[in-house]
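1. Sequence and computational prediction follow.
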Amino acid sequence: MEGSLSSVAVGLAAIGPGIGIGLVFAAYIQSTARQPESARMTQPFLWLGFALVEALVFFGIAFAFVFRGTSG
Amino acid sequence: MSGEVSVRAAEVPFPPEVEDFYPPSLIDGAGPWLTKITLLVGLSIVLIVFFFLFAYRKPKLVPGRMQWLAEAIYEFVRNRIAGDIIGPGGVRFAPYLATLFCFVLLNNLFGIIPGIQFSPMAHLAFPAALAVVSWVMFIYVGARKFGLAGYLKKSLVLPAPLFIQPLLIPIEFISTFLVRPFTLSVRLFANMFAGHMVLLVCALGGFVLLNAELVFLRPTSLVSWAVGIALTGLELLVAVLQAYIFTLLTASYVQGALAEGH
């Protein structure tokens, strides 16, 4: 087998944000289903939560490149 | 035809490398100061300035197409971001937020415009500079309202029992003053970087598959290119979303600096 183990790390780093983003959007859908008129009000917080959760997977991608060459 | 393709494919370095993100200098001897990236950043500034100048050269009560677009962008940032997040007092931050939004959005869109297809935001330096501006701004705004000591006390010392404070204050300090600018810049950078990398993998991977030794594997290069085109559509969404999120988070940090108590 050839390749970089850091690509596996990206996959592992994607697990948490995957679940987290699912929870964020699930909560938003649930709240809009219960109270459709609140959709506009809660939308900024939807993207805010999405952005904060999503950051982790991009750290995984960035660090996968940063530490790629060190282990050989 | 196939000869030409194989020649091109032979030149294609398949696993895309970080070095692919460093285009050569446009003029010999200019070094990193005059590359495609700096040219694009300059172009984006010129485009934004002239767009808004021309859109508002002769403002009409019933706006024309350009004036409508400029007003829609500004109104979106002013009401949906500054107004909703910071509150009624947030309108005075609308010019900065709108500028930030337009600059980030246009630079992100450079990543998918055919012929350019490279976003300056895929280099950490540009988002980092923007994040530092936002970082200095929310600290300055907070310090001006509460005084520097008052602002630090408000943002670091939460209403909590005394014995937990030695733990809370460093955590609050790290999360507010260190992690915020870091995540703000790395989020935008990594989104653009990963997006460009994925498009590179699809485009270059198509050439590699076209050159595959197994003949029946060659048509799959079409699939690779089709996925690349589809992902370009996704990149459009990501470009707009990340510009929005960058502005939204800046607004939310300013709001946190201006808020009274907790």
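-> Perfect, I can see it now.

2. Let me see the contact set for whichever residue of chain B sits closest to chain A.
-> In chain B, the residue that lies nearest chain A is B:A190 (3.3 Å; CB to the nearest CB). Every C-beta, even on glycine, is put in place using the N, C-alpha and C of the backbone. Applying CB atoms under 8 Å, 6 or more residues apart in numbering or on different chains, we find B:A190 in contact with A:58-59, A:61-62.

3. Go again with 7 Å.
-> A:58, A:61-62 (CB atoms under 7 Å, 6 or more residues apart in numbering or on different chains).

4. overlap between those and the residues near chain B?
-> A:58, A:61-62 (CB under 7 Å from any CB of the partner chain).

5. on that earlier part again, just name the closest of the contacts of B:A190 to chain B, please.
-> A:F58 (3.3 Å).

6. Out of the helices and strands in chain A, which is least certain?
-> Using mean pLDDT, DSSP states H and E, helix A:39-66 stands out as the lowest-scoring helix or strand of chain A, at a mean of 84.

7. And that helix, what's buried?
-> A:44-65 (16 or more other CB atoms under 10 Å in any protein chain shown).

8. One more: stretch B:46-62?
-> Buried-residue list, stretch B:46-62, by 16+ other CB under 10 Å: B:48, B:51-52, B:55.

9. Tell me the one of these nearest B:L158?
-> In terms of CB to CB, no member of those lies closer to B:L158 than B:I48, at 40.0 Å.

10. need the contact list for the closest one.
-> Contacts of B:I48 by CB under 7 Å, 6+ apart are B:102-103, B:106.

11. before we move on, what about B:L109?
-> B:A239.

12. what's the answer for the one 4 residues further on, then?
-> For B:I113, no contacting residues are found, by CB under 7 Å, 6+ apart.

13. So it belongs to a strand, correct?
-> No: under DSSP: H, G, I helix; E, B strand; the rest coil, B:I113 falls outside any strand and is assigned coil.

14. Read off the pLDDT value for it.
-> Turning to B:I113, the model gives it a pLDDT of 91.

15. With A:T70 instead?
-> 54.

16. got any ranges where the stretch 151-262 of chain B has weak pLDDT?
-> B:261-262 (pLDDT under 70).

17. What segments of it are helices?
-> Taking DSSP state H, counting those that start in this stretch as the criterion, the stretch 151-262 of chain B contains helices spanning B:165-173, B:180-210, B:220-258.

18. From the contact counts, what lies against the last one?
-> For helix B:220-258, the packing partners by 3 or more CB pairs under 7 Å, 6 or more residues apart in numbering or on different chains; DSSP states H and E come out as helix A:39-66, helix B:94-109, helix B:125-146, helix B:180-210.

19. can you give me how far it is from the chain middle?
-> Taking the mean of its C-alpha atoms, helix B:220-258 sits 8 Å from the chain's own mean (CA atoms, centre = their mean, to the nearest Å).

20. Tell me the buried residues in that helix?
-> If you call a residue buried by 16+ other CB under 10 Å, then helix B:220-258 has these buried ones: B:221, B:224-225, B:227-228, B:231-232, B:235, B:238-239, B:241-258.

21. Check the shortest one too.
-> Judged by neighbour count using 16+ other CB under 10 Å, the buried positions of helix B:165-173 are B:E172.

22. Using CSV, write out every CA atom in it.
-> Output of helix B:165-173 as CSV, limited to C-alpha atoms (Å, rounded to 0.1, in the frame of the first residue of the first chain):
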residue,chain,number,x,y,z
GLN,B,165,-12.4,31.4,37.9
PRO,B,166,-8.8,30.3,37.6
LEU,B,167,-10.0,27.7,35.1
LEU,B,168,-12.6,29.9,33.3
ILE,B,169,-10.5,33.0,32.7
PRO,B,170,-7.7,31.2,30.6
ILE,B,171,-10.4,29.3,28.7
GLU,B,172,-12.3,32.5,27.9
PHE,B,173,-9.1,34.3,27.0
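
23. got the contact list for that helix?
-> B:155-158, B:160.

24. quick one: it to chain centroid distance?
-> Its chain's C-alpha centre and that of helix B:165-173 lie 30 Å apart, by CA atoms, centre = their mean.

25. ditto for stretch B:158-175
-> With CA atoms, centre = their mean as the basis, stretch B:158-175 stands 32 Å off its chain's centre.

26. how long is it from one end to the other?
-> The separation between the terminal residues of stretch B:158-175, taken as CA to CA, to the nearest Å, is 13 Å.

27. Next: stretch B:174-183.
-> Start-to-end span of stretch B:174-183 (CA to CA) is 12 Å.

28. can you list the residues of chain B near chain A?
-> Residues of chain B lying near chain A (CB under 7 Å from any CB): B:18, B:84-85, B:183, B:186-187, B:190-191, B:194, B:244-245, B:248-249, B:252.

29. export those to CSV and tack on distance to B:L124?
-> Listed next are these as CSV, based on distance: CB to CB, whole Å:
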residue, distance to B:L124
B:V18, 11
B:D84, 30
B:I85, 26
B:T183, 13
B:V186, 7
B:R187, 11
B:A190, 9
B:N191, 12
B:A194, 13
B:Y244, 20
B:I245, 17
B:L248, 21
B:L249, 17
B:S252, 22
